[in-house]
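Asker: Sharing a model prediction with you, sequence too.
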Amino acid sequence: MVDLGNAAPPDIIEFQGTTKRFPGVLALDRVDLAIHRGEVHVLAGQNGAGKSTLVKLLCGLYIADEGAILLEGKPYAPRSTVAAIRAGIRIVYQEFNLLPYLTVAENIFFERLPRRAGLVDFARLFRDAEAMLAQVGLEISPRARVETLGVAQMQLLEIAKALSTQSKVLILDEPTATLTPPEIQRLFGIIARLKARGVTVLYISHRLQELFEVGERITVLRNGRKVETLAARDASIPRLVRLMVGKELGEEYPFHPESGIGAEILRVEELQPRGKPHAVSFALHRGELLGAAGLVGSGRTELVRALFGADAKESGRIYRDGSEVSIRRPRDAVRHGICLLTEDRKAQGLILAMSCSANVTITDLRRVSHAGLLQDSAERSATRELVDDLDIKTPSVDQLVANLSGGNQQKVVVAKWLFRRSEVLIFDEPTRGIDVGARFEIYQLLWRLAAAGKGILIVSSDLPELMGICHRILVFSNGKITGDLPRSGFSQERILSAAYQEYVHGRPQADSTAGTGHA
Amino acid sequence: MRVKQILYLLLREAGIGLALILMVIAFSAAAPRFASMANVTNILTQISINTVISVGMTFVILLGGIDLSVGSVLALATIVGGMIITNENLSPGTAILLSVLGSALTGCLCGVFNGVVCERWKIHSFIVTLGMLNIARGAALQISNSRTISEFPDAFNDVGAATIFGVPVIFLIALAVVLAGRFILARTVFGRMIYAIGNNEEAVRLSGHDPSVYKVVAFIVCGGMVGVAAIIYMMRLNIASPILGVGFELNAIAAVVIGGTSMSGGKGSMIGTLLGASIMGVLNNGLLLLGMGDFARQMVTGLIIVVAVIIDKYRAQAFLRSSYELAPAPPREEPHLRDTGPGPRV
Amino acid sequence: MNTKCRASCAALPILALLAVGGGGSSARAEEKKPVVGLVMKSLANEFFKSMEEGARKFAAEDGTFTLVPVGMNSETDIDTQISAMENFITQKVDLICVAPADSVGLVAPVKKAIKAGITVVNFDVKLDDKALAKAGLKDLVFVGPDNREGAYLAGNELAKKLGKGGKVFIIEGNPGADNAKMRKAGFEKAAKEGGLKVLVSRTAHWETEEANTLVTNLLTSHPDVQGIMAANDSMALGVVKALDAAGKSGKVQVVGFDNIPAIQKLVKDGKVLATIDQFGPEMAANCIKTGFRMKKGEHLKGWLKTPVKLITATDLM
């Protein structure tokens, strides 16, 4: 493939003493790093280690303060994302850059829509789009509007969009955060094919197991510095973690012995979210950590949103501490001590441009106000108490939430619901986009909450996570509950087979005609 | 912490205030009699109406909405107030009192309509208030039979002309409105919710609140402010007319935006709005005193509006940088810049 | 397929409108009374409102014809006038009286109406002579006051009061409006003849508040002003308030135009020296009468001037 005798250098990208500063923060500190042509190179490190900054330099979003970047031996300093794409570097972002009201096909080919006689050639557009979708194994119509897609589908669509141009370097930033195991396997297949075509892949992920499966070489960054580049075959999870955090983690998942499971705190009967074909029932107890496993799109998020009143429901009854409650709006749920910590913290959980204290106290402003007037000191001290209690790392309670790291932002969301004295906490993907060290703290926190007698429901696509921390796991499949496993019955095989149960006789997403059976 | 807050406020407000000061210095040097006390009194009189309307508009724009109906509602409120105040069956004192109440109530009712229609049917305020713009204008013409009403009680007119140490009483009213608005935004639960909803309405809803309630109230406040502006108008000019106030909505929006409030909501301040209205008043007055012609004046005013907003944008960025430097250094293992990059977002 | 469906959906209401329009005109035909289309300027302006009311009153008293008045949304809304003209042509009315918002823009629809056999009489604001000549309508009948003459009368009164060398402002109406231009020209003529010195001439767009702000500011730069000519009474109201505030009320002479009720007390009190009455309520009625005279075969052409009258305190006693 690459002839070393040729003029082309073996390294497609080379960072030479690259430094990037932000006011008060040294984001990259004299990084030297060579990326070989045609390899899958993994960047590992905690949030804030410098991975994103490194990638943004390549994409033309930042300019390095010191040092050089070479692309195929020539100095490279793109001034815009367009320049980067022209140079053959393409990124799939962790946040989506899709146009929600356009079709899937238009999104894929947005930068160069096929034309005929000055008009968009829709026939060809849809045909080409279909081919791209097949490549990433996304079974949706190219005519569908992006706003109708689920998060996982959007992620695959982003990848398809990136593949639509011939790039030399493809950067994947947390591509699997929202994908299920089979989708991840399909993604790895795509990466292998790209590699075979000579494309260099730069891969970023918090899921450590993946790094070994997909990568050839792994570079670990910490605090803006390169710690080490090592061959994937020489690495192990403990070694990586040690390199990333600079110390060993005691254990990845803390499971505390089943001690305080108490009375039923929440019971859901025949709850059917609007527009969904099936109803489900389950119960949650004080002190219990209840997991909700399933494929992406299996209806877990829809269920918890309907339960919380965020979306409408067809039917169903909800009991809090044994008595029926009516929940039609989030306001009703909050009043009954139920809260939802959404998957998308930035868009739905937090007000990024406001301070920690404003974010925490918004759930119950009556507690920090008198006759409609805010009591500044009460607000601060209440927030400070929670900040200390949850060990939220922030310079002050006035700090804007936007300036906190992902893990600390998640803790602020928890803090705001603790401020409201919520009894039932429903987490949707509590550790998505949160780095290894901070995850551990979140797990500890979940445990503390359970020990304090709260009922906790956790929706997560990270199966090892659920198995590591939950007392019990409900398995969702195509809108139904197909498994209800106690901790003693946890196994990857059992959970996965239950998760696939409703999809076996047809294509995924297809309506099952089977009965209402739920566990 | 107090000191830091004051510093923050100064930095945030100073930019546009600086522009105003520069403008005043330039006009003082170039335009004869600009810097006289009498002229300052004139300018303060002239910005009062726009300031009061802009305070109301600030509430609505902070929520990401817009109120295009203020000019027409102003006319309607003057007509209602004017008809009451000229009613010969009432004693002057009662007439004035009822007139003030009538104007304010008219404004509030129009605000109720705007807010409730926007929220009940989830229609963008641009469209609803565009409708109100016509409804209020039509109503004003209908009930007045398109006649100008004049001859108000002397006591009423005297307030419009009165000054205290050169400061017009109507400006003092406007200033009180601004300070009340600032207090509401900064210190009350309602103000907190306005900012929160303007920044992220969905997060507020999912925090267990009903954003609609606050939005409706904001429109009512805006309407009420227009009612107050209508009273000031009548005091100042001794007329009520169904055709006045055309284009006032644009002046108010300009003042709010020059004052640094974001059209997408969530960011802005009342002091900024006062400064924005002042800039427009100073500009109008100063350019005229320079002897500039009508058309050139219009062009320059338009240009300044755009330039002021551009400057504000740069200032906001500069402030963002300085705020990092002001804040204590973040913990070493958590550099807080992960997602503050200018990456394209949907 | 989808597009076709949408297109036909969009066509439905249009068809419905056509049907209603057709029904309306046939209903009118049954009455057999001649129909007069009255194309007015903005009825929000009380001068035109009173004119329209005068026409309605005349129609009610006369009883031999049906009056269809159409107003505009604002002073500059030419489109509404053109559409109204087109509708009248389609409905084949017998007579159209038009007060154009734009002296050039309305010439084409007037020509179209005349071609369709409808009698057209121009009133209030004269259509542009050059444009009329080009369209072959040199002799189109115009019933209206001489705005220039009116402004001249007011300006003259001011000049007499101030004497030679008096310093004055001119507060103009909307730049571009024909009557604003005529009035400005009349003021200027009077100033020239009377030896007045025009310090500044600026627009306040016919608006009270704007005139108030403008004059307040102008008084700062020109404290020596002795007289102010306002192109309408709404602006004169604002001017008087500005003088009140500056303590110059009664010292600086003001003239206005239109003789609206709100100005009359100020004239009586001496705060306004004079205003001009154009007898608006009679003007549209005069125009309709002229139209019927023409339809009866009377041969009229050119400008039939309606009276303008200087109103001073003595007229209002």
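Answerer: That came through fine.

Asker: With adjacent residues omitted, what lies nearest to the residue nearest the centre of chain A?
Answerer: By C-alpha atoms, centre = their mean, chain A has its centre lying nearest to residue A:432, at 3.5 Å. Nearest non-adjacent residue to residue A:432, counting by C-beta to C-beta, 6 or more residues apart in numbering or on different chains: residue A:177, 5.5 Å away. Bear in mind the C-beta positions are built from the backbone N, C-alpha and C, glycine included.

Asker: burial of that neighbour, as a residue count?
Answerer: For residue A:177, the neighbour count with other C-beta atoms under 10 Å in any protein chain shown is 19.

Asker: The residue nearest to the centre of chain A: what's it in contact with?
Answerer: Residues in contact with residue A:432, defined by C-beta atoms under 8 Å, 6 or more residues apart in numbering or on different chains, are A:177-178, A:343.

Asker: now the residues you listed in a markdown table, with pLDDT and secondary structure?
Answerer: Below are the contacts of residue A:432 laid out as a markdown table (pLDDT from 0 to 100; DSSP: H, G, I helix; E, B strand; the rest coil):
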| residue | pLDDT | secondary structure |
| --- | --- | --- |
| A:177 | 72 | coil |
| A:178 | 72 | coil |
| A:343 | 86 | coil |
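
Asker: Tell me the one of the residues you listed nearest chain C?
Answerer: Nearest to chain C among those: residue A:178, at 32.7 Å, using C-beta to the nearest C-beta.

Asker: who's in contact with that closest one?
Answerer: A:151-152, A:154-155, A:296, A:432, A:461.

Asker: what residues does the stretch 51-200 of chain B put near chain A?
Answerer: Taking C-beta under 8 Å from any C-beta of the partner chain, the part of the stretch 51-200 of chain B that reaches chain A is made up of B:187-190, B:192-193, B:195-196, B:199-200.

Asker: Out of the contacts of residue A:178, which sit inside helices?
Answerer: When DSSP state H defines the helices, the subset of the contacts of residue A:178 inside them is A:151-152, A:154-155.

Asker: Could you single out the nearest of these to residue C:87?
Answerer: For these, the minimum distance to residue C:87 (C-beta to C-beta) is 52.5 Å, reached by residue A:154.

Asker: And the closest one, how far from chain B?
Answerer: Distance, residue A:154 to chain B, using C-beta to the nearest C-beta, to the nearest Å: 10 Å.

Asker: And residue A:333, by the same measure?
Answerer: Distance of residue A:333 to chain B, given as C-beta to the nearest C-beta: 7 Å.

Asker: Please identify the helix or strand for that residue.
Answerer: Following DSSP states H and E, one finds residue A:333 within helix A:330-335.

Asker: on that earlier part again, among the residues of the stretch 51-200 of chain B next to chain A, name the ones in helices.
Answerer: Per DSSP H, the subset of those in helices is B:187, B:189-190, B:192-193, B:195-196, B:199.

Asker: Mind giving me the PyMOL select for those residues, buried ones only?
Answerer: To isolate the buried ones among those in PyMOL, judged by 16 or more other C-beta atoms under 10 Å in any protein chain shown, type:
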select buried, chain B and resi 187+189+190+192+193+195+196+199
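
Asker: could the ones in helices among the residues of the stretch 51-200 of chain B next to chain A go into JSON lines alongside pLDDT?
Answerer: Converted to JSON lines, these look like this (pLDDT from 0 to 100):
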{"residue": "B:187", "pLDDT": "94"}
{"residue": "B:189", "pLDDT": "96"}
{"residue": "B:190", "pLDDT": "96"}
{"residue": "B:192", "pLDDT": "96"}
{"residue": "B:193", "pLDDT": "96"}
{"residue": "B:195", "pLDDT": "96"}
{"residue": "B:196", "pLDDT": "96"}
{"residue": "B:199", "pLDDT": "94"}
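
Asker: and which of the ones in helices among the residues of the stretch 51-200 of chain B next to chain A is nearest chain C?
Answerer: Taking C-beta to the nearest C-beta as the measure, chain C lies nearest residue B:190 of those, at 31.5 Å.

Asker: Is the residue nearest to residue A:432 in contact with residue A:431, as I believe?
Answerer: No - counting by C-beta atoms under 8 Å, residue A:177 does not reach residue A:431; the two are 9.8 Å apart.

Asker: average pLDDT for the helix holding residue A:333?
Answerer: Helix A:330-335 carries an average pLDDT of 95.

Asker: Just give the strands next to the next helix or strand after that helix in its sheet, each with its orientation.
Answerer: Proceeding N to C from helix A:330-335, the next assigned helix or strand is strand A:338-341, under DSSP H and E. Here strand A:338-341 has these sheet partners by DSSP bridges: strand A:424-428 (parallel).

Asker: And the next helix or strand past the partner strand?
Answerer: For strand A:424-428, the following helix or strand on the C-terminal side (DSSP H and E) is helix A:436-451.

Asker: tilt between that next one and strand A:424-428?
Answerer: 150 degrees (axes from the mean of the first three to the mean of the last three C-alpha atoms, to 10 degrees).

Asker: Can you name every helix or strand that helix A:436-451 contacts?
Answerer: helix A:237-245, strand A:289-294, helix A:406-419, strand A:455-459, helix A:463-469 (3 or more C-beta pairs under 8 Å, 6 or more residues apart in numbering or on different chains; DSSP states H and E).

Asker: quick one: average confidence on that helix?
Answerer: Averaging pLDDT along helix A:436-451 gives 86.

Asker: Distance from it to the middle of the chain?
Answerer: Averaging C-alpha positions (C-alpha atoms, centre = their mean, to the nearest Å) puts helix A:436-451 17 Å from its chain's average.
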